[in-house]
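Q: Sequence first, then the predicted structure, then my questions.
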Amino acid sequence: MRLTVVGCSGSYPGPDSPASCYLLEAEHEGRTWRVLLDLGSGALGALHRYADPLTIDAVFLSHLHADHCLDLCGYHVMRKYHPTGPQPRIPVWGPGGTDVRMAKAYDLPLDPGMTEEFDFRVWGEPVHLGPFTVEAVPVEHPVPAFSLRVTCAGKVLAYTGDCGPCDGVREAALGADLLLAEASFEEGADNPAALHLTGRECADLATVAGAPRLVLTHIPPWHDPQVVLEEARAAYDGELALARSGAVYDFTTF
């Protein structure tokens, strides 16, 4: 399994990165399988640098805030009107009502909405797709939201999505080979409860989960990433990095 950070800016696209989007690739049955974890604002354009968007096999949405799902609108247009012709439907997993939300986002009639381009499915039992098994664990956030746990060839990526500290994110992170954790808040600020994590909270989560690698992501442009990184470094002994657009993590080397 190989993880490429397509977008990692929190809340909206920043000067150096689109909003949340992560490309996972793995070889299986004679071909490369490709899936996306989230497809936030500005991510579709950047995705072209790392893979042909028409080769994506599925999209997995952690929740329906714009910085995690809105570029599904452009992706709908691409798949519907591409010069090579309408593209086959691909599955999109997300919270209940994803199909309605996306139709409204592009001002489409609800029928058919985007259902001719995407096969919308609601999170439930673990998803088995090619070499990937994806488990969605409910977490605390102002809207229905999930942390995503992806297993491939015996390796585990845990992606917090957006959430405050809760049992769900700890369950998703347990024993992960790499924890991709959102760090939108700074320690000491008057942070709302059950919304986001600080760098220190990400470090504590990785430590409790036994994750040897922690990548901090979803830092909003109004924060200094180095501050968040140092907060995490003070509480974590494992391999630590800031997410950046274009960074690649090859799980075969872990």
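A: Nice, thanks for sending it over. Numbers count the residues shown, from 1 in each chain.
Q: Only C-alpha atoms from now on, for both contacts and neighbour counts.
A: Will do.
Q: separation between residue 151 and residue 222?
A: 33 Å (Cα to Cα, to the nearest Å).
Q: Now do the strands in the stretch 1-150 of the chain.
A: Using DSSP state E, counting those that start in this stretch, the strands found in the stretch 1-150 of the chain span residues 2-7, 21-28, 31-37, 58-60, 90-94, 118-122, 127-129, 132-139, 145-152.
Q: Output the ones you listed in CSV; the columns should cover mean neighbour count, distance to residue 70 and mean pLDDT.
A: Formatted as CSV, those follow (neighbours: other Cα atoms under 10 Å; distance: least, Cα to Cα, whole Å; pLDDT from 0 to 100):
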stretch, mean neighbour count, distance to residue 70, mean pLDDT
strand 2-7, 25, 13, 98
strand 21-28, 21, 11, 98
strand 31-37, 19, 13, 98
strand 58-60, 22, 12, 99
strand 90-94, 22, 13, 98
strand 118-122, 18, 14, 98
strand 127-129, 13, 22, 98
strand 132-139, 21, 20, 98
strand 145-152, 23, 15, 98
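Q: got those strands as TSV, with distance to residue 174 columns?
A: Written out in TSV, the entries for the strands of the stretch 1-150 of the chain read as follows (distance: least, Cα to Cα, whole Å):
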stretch	distance to residue 174
strand 2-7	19
strand 21-28	20
strand 31-37	19
strand 58-60	20
strand 90-94	22
strand 118-122	24
strand 127-129	18
strand 132-139	12
strand 145-152	9
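Q: Quick one: closest of these to residue 73.
A: Of all these, the one in closest proximity to residue 73, counting by Cα to Cα, is strand 118-122 (10.9 Å).
Q: partners of the closest one in the sheet?
A: Strand 118-122 has the following strand partners under DSSP bridges: strand 90-94 (parallel).
Q: Which residues does the partner strand contact?
A: 57-64, 117-123 (Cα atoms under 8 Å, 6 or more residues apart in numbering).
Q: Stretch 200-215 too?
A: Judged by Cα under 8 Å, 6+ apart, the contacts made with stretch 200-215 from elsewhere in the structure are 165, 170, 173-183, 187, 216, 228, 231-236, 238-243.
Q: In strands, which of those residues fall?
A: Restricting the contacts of stretch 200-215 to those inside strands, with DSSP state E as the criterion, leaves 178-182, 216, 239-242.
Q: among those residues, which ones are buried?
A: When burial is judged by neighbour count using 16 or more other Cα atoms under 10 Å, the buried members of these are 178-182, 216, 240, 242.
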